[in-house]
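>>> Quick check, what structure comes out for this input:
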Amino acid sequence: MDLLYKAYSTPSDEDDEPQPDAGPTPPPLKRFKPQYPPALPKPYTFIPGRYISKRERSLSSPALSPPLPTPAAAASPVMGSISDSDLPRDILSSLRNQAKGCSQLGRMSERLSVDLQSHKKSVNTIQWSPTHAHLLASAGMDQTICIWNVWSRDQKKAREFSYHNAAVKDVKWLQQGLSVLSCGYDRSSRLIDVEKGLQTQIFTEDQVVAVIKLHPDNSNLFLSGGSNGRLRLWDIRTGKVVHEYIRGLGPILDIEFTVNAKQFISSSDVSGSNMSENSIVVWDVSRQVPLSNQVYVEAYTCPCVRCHPSDPFFVAQSNGNYIAIFSSCPPFKLDKYKRYENHGVSGFPIKCNFSLDGEKLASGSSDGCIYFYDYRSSELVQKIKAYEEACIDVAFHPLLPNVIAACSWDGAVSVFE
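Predicted coordinates:
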């Protein structure tokens, strides 16, 4: 019993005398909580075919942080003047006197007037400014856009923009002001203020943007076409897509508005799908539906489409080494009895353009020459040897009918008079 008593007894049992008061009892200490990082939810493993709730989707997706403000792009350095103040007197007089230019409609370009060298790789396109006719824009595979003051007695390259992160496919002047719109392999279209040298807007897409075209009646709208076959109509004011034209096409090669701007024509690469009837499609702009898709059924892609400035016809540059002509009115028939064929395409993105009065059709060529055709008879009128490599694009001057610009596969830009 003594052993059990000692085992179960407590000090209080042995100490019956009252203990002196030791003061107030301190509050119990709080339990220490280690500061571990919060446990992250484990990602869900989704089984194909099983319904996934909204909660599971939210837990499986990473937390979205607020977007960082896009840093303002630095202004491009000024290389030369974009003013016409230092142009030769005869050129300035011709540009300011459109009537004098119109009196020379019968003359053709014959000799090299200006040679513009800057691009390190192929130049994809060129375009004269419609409001400042002494300025020429060019876009190249070297990721740059050049603005040329063509007849300047000082520095001819006025601006060089490198806002794109990849090759630039197309560039267009806006109808008002001094701005250009460009697109390229970096899946974006970019609006650039030429005078200030600043990029003012970016239109991002999910495809390589190969071609852009401004709406002829509304300068706030433009069409874009790209590598996924998607055609989109953008509003510059809001930066959003207004319409999207869906048909499951191949990569878009070119787009062109008709003269009345109610329709547009798209050309796409259908070699992968073996559906040649979709290579050229005429679309209704407002209804977003194709009006005809069996326009061109030959097994060739068409890298360029151009509408005649006054007649209801359009032409398409074919990789079959000829330019086909079509009616721009329903049913958009191919003219089987007339074509323009003396130049070569040979897989290059060769472009063509009409003269101011629509009587001449000029085309680049894989042999480096510029070919001039009579629009009505389709006969070859003149041929100019411009480059050793392929001549990619040609552009008639908007005021001087005897002036034409051209660019080449080796990066050269030239003006002929």
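>>> Would you check that Ile202 makes contact with Ser188?
Yes. Because the distance of 5.5 Å satisfies C-beta atoms under 8 Å, Ile202 is recorded as touching Ser188. Using the backbone N, CA and C atoms, a C-beta is placed for each residue, glycine as well.
>>> And the two? Which one has more around it.
Between Ile202 and Ser188, Ser188 has the larger neighbour count (other C-beta atoms under 10 Å), namely 19 against 14.
>>> check contacts around that one.
Ser188 makes contact with 164, 202-205, 209 under the criterion C-beta atoms under 8 Å, 6 or more residues apart in numbering.
>>> ok, now with 10 Å
Contacts for Ser188 (C-beta atoms under 10 Å, 6 or more residues apart in numbering) come out as 163-166, 182, 202-205, 208-209, 224.
>>> So which residue is dead centre in this structure?
What sits nearest the mean C-alpha location of the chain, by C-alpha atoms, centre = their mean, is Cys183, with 2.2 Å.
>>> wait, what's in contact with the spatially closest residue to Ile323 that is not a sequence neighbour?
Nearest non-adjacent residue to Ile323, counting by C-beta to C-beta, 6 or more residues apart in numbering: Tyr340, 4.0 Å away. By C-beta under 10 Å, 6+ apart, the contact set of Tyr340 is 315, 317-318, 322-325, 352, 361, 363, 371, 373-375, 378-380.
>>> quick one: Tyr340 and Ser365, what's the gap?
Tyr340 is 11 Å from Ser365, where distance means C-beta to C-beta, to the nearest Å.
>>> cool, and Ile126?
In terms of C-beta to C-beta, Ile126 sits 16 Å off from Ser365.
>>> circling back to that earlier point, pull out the buried members of the contacts of Tyr340.
315, 317-318, 322-325, 352, 361, 363, 371, 373, 375, 378 (16 or more other C-beta atoms under 10 Å).
>>> Surely Ala75 and Leu198 touch.
Yes. With contact defined as C-beta atoms under 10 Å, Ala75 counts as touching Leu198 (5.3 Å).
>>> other SSEs contacting the strand or helix carrying Leu233?
Leu233 belongs to strand 231-235 when assigned by DSSP states H and E. Using 3 or more C-beta pairs under 10 Å, 6 or more residues apart in numbering; DSSP states H and E, the elements in contact with strand 231-235 are strand 198-204, strand 209-214, strand 221-226, strand 240-245, strand 263-268.
>>> I would like the residues contacting it, please.
181, 189, 203, 205, 207, 209, 211-213, 215, 218, 220-226, 240-247, 249, 252, 255, 264, 266, 268, 281, 283, 285-286, 288.
>>> Show me which residues of stretch 228-238 are buried.
If you call a residue buried by 16+ other C-beta under 10 Å, then stretch 228-238 has these buried ones: 229-236.
>>> swap in stretch 285-294?
By 16+ other C-beta under 10 Å, the buried positions in stretch 285-294 come out as 285, 290-293.
>>> Next, give me the two most distant ones among these.
The most widely separated members of those, counting by C-beta to C-beta, are Val285 and Asn293 (16.1 Å).
>>> if we can go back for a sec, which residues do Ala75 and Leu198 both contact?
The contact lists of Ala75 and Leu198 share Phe161, where a contact means C-beta under 10 Å, 6+ apart.
>>> ok, now how distant is Gly248 from Asn319?
Per C-beta to C-beta, Gly248 is found 22 Å from Asn319.
>>> now Arg287
With C-beta to C-beta as the criterion, Arg287 and Asn319 are 31 Å apart.
>>> swap in Gly411?
23 Å.
>>> Same check on Cys369?
18 Å.
>>> related to what we said a few turns ago, just the buried ones from the contacts of strand 231-235, in ChimeraX syntax?
Burial among the contacts of strand 231-235 is assessed by 16+ other C-beta under 10 Å; the matching ChimeraX selection reads:
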select :181,189,203,205,207,209,211,212,213,215,221,222,223,224,225,226,243,245,249,252,255,264,266,268,281,283,285
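>>> Which residue ranges of the stretch 301-417 of the chain form strands?
Listed in chain order, the strands of the stretch 301-417 of the chain (DSSP state E, counting those that start in this stretch) span residues 304-307, 313-318, 322-327, 334-340, 352-354, 360-363, 369-374, 380-385, 391-396, 404-408, 412-416.
>>> Mind giving me the packing neighbours of the first one?
Same thing as strand 304-307. Taking 3+ C-beta pairs under 10 Å, 6+ apart as the contact cut, strand 304-307 packs with strand 209-214, strand 252-257, strand 263-268, strand 313-318, strand 322-327, strand 352-354, strand 360-363.
>>> let's see it at 6 Å
Judged by 3 or more C-beta pairs under 6 Å, 6 or more residues apart in numbering; DSSP states H and E, the packing partners of strand 304-307 are strand 252-257, strand 313-318.
>>> Of those strands, which is nearest Ala406?
strand 313-318 (14.8 Å).
>>> show me where pLDDT drops low in the stretch 201-350 of the chain?
272-276 (pLDDT under 70).
>>> Repeat the analysis, applying 50 as the threshold.
Of all residues in the stretch 201-350 of the chain, none has pLDDT under 50.
>>> Which helix or strand contains Ile91?
Per DSSP H and E: helix 89-96 holds Ile91.
>>> right, and Ile212 touches Ser182 too?
No. Counting by C-beta atoms under 6 Å, Ile212 does not reach Ser182; the two are 7.6 Å apart.
>>> follow-up on the earlier one: so which of Gly248 and Asn319 has more stuff around it?
Using other C-beta under 10 Å as the criterion, Gly248 and Asn319 rank with Asn319 on top: 21 against 11.
>>> Name the secondary structure element that contains the residue nearest to the centre of the chain.
For Cys183, the host element (DSSP H and E) is strand 179-184.
>>> ok, and what's touching that strand?
Strand 179-184 has contacts (C-beta atoms under 6 Å, 6 or more residues apart in numbering) with 137, 139, 145, 164, 166-173, 189-194, 209, 212.
>>> Make a PyMOL selection of the buried ones in the residues you listed.
Applying 16+ other C-beta under 10 Å to these leaves a buried subset, and the PyMOL line that selects it is:
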select buried, resi 137+139+145+164+167+168+169+170+171+172+173+189+190+191+192+193+194+209+212
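>>> In strands, which of the contacts of strand 179-184 fall?
Counting by DSSP state E, the part of those found in strands is 137, 139, 145, 168-173, 189-193, 209, 212.
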